[in-house]
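> Mind folding the following:
(2 chains)
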Amino acid sequence: MTDERWHMMDRRTALQTTLGTAALAVAGCLANDANRADFRIGSPWKPNRDPLDGGSTIRRLGITEGLVGVDYDASPAPELATDWERRSDREWEFTLREDVTFHDGEAFDATAAVDSLTRTVDAPAFEDVPIDAVEAVDETTVTVTTETPFAPLPAHLSRNEAVILSPRAVDDDGSVTETISTGPFAVESFNPNTEILTARNDDYYGQVPALESVRYEVVDDDQTRRIKLENGELEMARILPHETVDALESTGGIDVYTPPVPRIRFLAFDTDSEPFDDRRVRQAVSLAIDRKTITESLLGGLVEPAVGPFSPSITEWANPDLESNPYDPDRARTLLDDAGWTGTAGETRTRDGVELTVEFLTFDARSLPQIAEVMQDHLAAVGISVDVRTLEYSAMIDRVHQRSFDAYFTSWGTLWYPDPDRLAELYHSTAASIPHGYGNDHVDTLLEDARELDERGARRERYREVQSIVVEDAPIAVVTNDTNVIATGDDVRGYEPHPTELHYGLEAISMDGE
Amino acid sequence: MSKSTTELVPSNVGLGGLYRRYRRFALHTNTAIRLGGGVIGLLVLVALVGPVVSPYDPTTQVLEMRLRGPSLAHPLGTDALGRDVATRLAYGARVSLALALAATLVRLVLGTTVGLLAATGGRLVDILLMRLVDIQLAFPGLVLALVIAGVLGPSLRNVVIALSIVGWASYARVVRGTVLSVKERPFVQSAMLYGTPWHRLVKRHLLPHIVNPVLVLATLNLGTIVLAAAGLSYLGLGAQPPTAEWGSMIADGRNYMRSAPWLITAPGVAIMATVIGFNLLGDGLRDRFDPDHLDDRQRRRT
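Okay, here's the model as predicted:
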């Protein structure tokens, strides 16, 4: 009896031990798997195989490359094309780099480039780019003709959608089966929406990376990314909240980078409906916001206040004469009085018995709701009552495109392609992607002229004039620029943040002590 | 004749009856009622008095004073916009309690009506209504509330609507069950024989019997509603800024979890205390009103 019981116990213990060990072993394998790469990056953005469908991550990781890249002055620069020339108003000739092979061993030549670019040009992403034809002249020359004279063409060819894929990467039906390009890193394994594992491309034509392998991991939650970095499960954590900078800087073993990025937070008004159909009311809102207080307190002094779409510290297209914090609540009050909105101090203004109450839509990212709350406070001080409504991003975009909004507060990358023609998407009466309903013939003419011109000085003059006019007309009120917060382990060497975040510059990164 | 009918009516109807009931109740409280009642009483006190005595405004921003730790001037610290957390907590208590009461009241009225109709109406009415209740109960409540609040758009009013629509079914169940059992008792049968009209039957003979179970259910329910409302606000579907609400206070403080832990601790503890308080109170009331009730553990043992 006792003997048998002893046996029973033993079997159970044995079973438990086996199970426990197995669980540990599985956990160990999983952990090992995750730690295989030399360099691990955590970021909130979900990658996709197809460059036409959110191709920023694969470009940033150095997998894909385009004919044109972007240099550290945020201007178009040679990548797979060594040189280009505007042969006539509508014709461009690109000279391709020689002796380049794709990750699958195929040679990169004009035919491959034309095939890949044709796929891009036909896609919805390039709908608004007036490209007429892409043709191969010889092995290393490609010409692009445009329907209209179009100066921003090289900038558009630097976009993440316009990268060159190997002929074998694309199926007959036009879908991308594997992301095969020419960059310094090649895809090892790809789990869309979760992770990418890449390996060094030893045949790369440029600087061959020191890192052998890189793992990109989607980590949605800010705090989780930070903890993973602190625990040594990541070498680089991207897009951390501004509030964490002080704490991270005082943590040993971590370096923090805070590069300004060409991104603005702005209020877009519906200029077709009351009360923002009146320019004076829009100006009053812009003048009543104390931008400096917002950036100094909420954003920890890491971000510059802004009134124009471009930051002079990033690009020469910016108008340097704009005042960055035109805070003047008294003038705002006068403007509102002039517009017929009157009332006593401390109360919401009225006109013909209607209260000056507006709704700001926003979504929960990049501290937008908090900033909206501060603006709510600032605007209450001049007698404008604001309801802040935080929605899902897609819900907000729906509402906005149905034009049922007073104003919405959002965040927008201003140099998605490195050309000031991007201003047309903000301010042009028909080309704008921001549904503010604003139109100014003079602005339209300036934008259309500048789009055709070749001479940088002449273009710059026009774009700067546009930037001055729209501060007065205020179809949108720019509030701040933005800064990315990126933290790495302190053994990471050679990381230099790119001004338009085109790539992470992984080929220049090395690890100490290896 | 009329004398005997009055005797058949439970004695607890009318003002005098209510008072007698209260006396009896006061003598028979238990620890759970006292403890839960104490917590809830304290909370109500904070909600009523807190905003009056606080020298701060819950929405005024003092950006120079942001993220200060607990001190004498700010016993629970300040938030990212420099607002006093203690003051916001007190205003949040008002919002949470009012919201819980409103939603419970709607649930209670809706559920009781449906339950009464099902129990006293015909067979067909009963089947139709109770299948509706089954469907309602089979659906995960919070998910449905999320969908409703999401469709209606974020606001406190819509949270009340969402939480009212999802929770009434359990009241209907309880009311129907109780009424069905009471309906067979002699005093109701004889009242029916006398041809007492429906509304009078319900008011004098049926409703008094369902007061106790429904009251217990409602008390237990208040806690879950506070929790659900805070959850919806946390997700951004409830209170909109600058309204102070516990759930949105936690959402706002999330990014400062490490540097300013008081921002999420204070509303978190408040929510926890409220839920525990209502649950204790509900449990206690059940023990008091329904002494025959066996909880699951005891039932399994017998």
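> my read: residue A:201 touches residue A:183, true?
Yes. Between residue A:201 and residue A:183 there is a contact under C-beta atoms under 8 Å: 6.7 Å. Where you see a C-beta, it was placed from the backbone N, CA and C, and this is true even at glycine.
> intersection of neighbour lists for these two?
Residues touching both residue A:201 and residue A:183 by C-beta atoms under 8 Å, 6 or more residues apart in numbering or on different chains: none at all.
> more crowded one of the two?
Taking neighbours as other C-beta atoms under 10 Å in any protein chain shown, residue A:201 and residue A:183 compare with residue A:183 leading, 29 against 22.
> Roughly how far does that one sit from residue A:467?
With the distance defined as C-beta to C-beta, to the nearest Å, residue A:183 ends up 35 Å from residue A:467.
> Nearest to chain A within the stretch 1-150 of chain B, name that residue for me.
Nearest to chain A in the stretch 1-150 of chain B, going by C-beta to the nearest C-beta, is residue B:63, at a distance of 4.2 Å.
> middle-most residue in the chain, spatially?
Went with chain A since none was named. residue A:413 (5.1 Å; C-alpha atoms, centre = their mean).
> wrong chain, I was asking about chain B
The residue lying closest to the centre of chain B (C-alpha atoms, centre = their mean) is residue B:222, at 2.1 Å.
> part of a helix, is that one?
Yes. The assignment for residue B:222 by DSSP: H, G, I helix; E, B strand; the rest coil puts it in a helix.
> for the longest helix along chain B, the distance to its chain's centre please.
Counting residues, the longest helix found in chain B (DSSP state H) is helix B:85-120. Once both centres are worked out by C-alpha atoms, centre = their mean, to the nearest Å, helix B:85-120 turns out to sit 5 Å from its chain's centre.
> neighbours of residue B:123, just the number please.
7.
> swap in residue A:148?
Quick note: residue A:148 (other C-beta under 10 Å) scores 11 neighbours.
> Roughly how far does it sit from chain B?
For residue A:148, the distance to chain B equals 43 Å [C-beta to the nearest C-beta, to the nearest Å].
> Please tell me I have it right and that residue contacts residue A:131.
No. Under the criterion of C-beta under 8 Å, residue A:148 makes no contact with residue A:131, lying 10.3 Å away.
> Kindly state the pLDDT recorded for residue A:8?
pLDDT for residue A:8: 50.
> okay, now residue A:445: neighbour count?
Neighbourhood size, residue A:445 [other C-beta under 10 Å]: 12.
> again, but for the one 4 residues further on
Around residue A:449 sit 12 other residues, with neighbours defined as other C-beta under 10 Å.
> Residue A:426: what's it in contact with?
A:309, A:412, A:432, A:433, A:434, A:470, A:476.
> among those residues, who's most crowded?
Busiest of these [other C-beta under 10 Å] is residue A:309, holding 29 neighbours.
> that older thread, test my guess that the residue of the stretch 1-150 of chain B closest to chain A contacts residue A:295.
No. Counting by C-beta under 8 Å, residue B:63 does not reach residue A:295; the two are 11.1 Å apart.
> Show me which of the two is the more surrounded one.
Each of residue B:63 and residue A:295 has its neighbours counted (other C-beta under 10 Å); residue A:295 has more, 24 against 17.
> can I assume that one is in contact with residue A:303?
Yes. Assessed by C-beta under 8 Å, residue A:295 is found in contact with residue A:303 at 4.8 Å.
> How far off centre is stretch B:172-181?
20 Å.
> Let me see the confidence value for the one residue in chain A that gets nearest to chain B.
Sorted by distance to chain B under C-beta to the nearest C-beta, the residues of chain A start with residue A:297, at 4.2 Å. pLDDT recorded at residue A:297 is 87.
> do the same with residue B:63
Residue B:63 is given a pLDDT of 86.
> Can you tell me, leaving aside adjacent residues, what's nearest to it?
Leaving aside its sequence neighbours, residue B:63 sits nearest to residue A:297 (C-beta to C-beta, 6 or more residues apart in numbering or on different chains; 4.2 Å).
> and the one you found, what are its phi and psi?
Dihedral pair for residue A:297: phi -90, psi -70, per degrees, to the nearest 10.
> pretty sure it is touching residue B:62, no?
No. Using C-beta under 8 Å, residue A:297 makes no contact with residue B:62, being 10.0 Å away.
> Compare those two (neighbour count), which wins?
Per other C-beta under 10 Å, whichever of residue A:297 and residue B:62 has more neighbours is residue A:297, with 20 against 15.
> Give me the residue ranges of the chain where confidence is low.
All of this refers to chain A. Within chain A, the segments meeting pLDDT under 70 span A:1-11, A:25-35, A:513-514.
> nope, chain B
Short version for chain B, where the test is pLDDT under 70: B:1-15, B:21-28, B:291-302.
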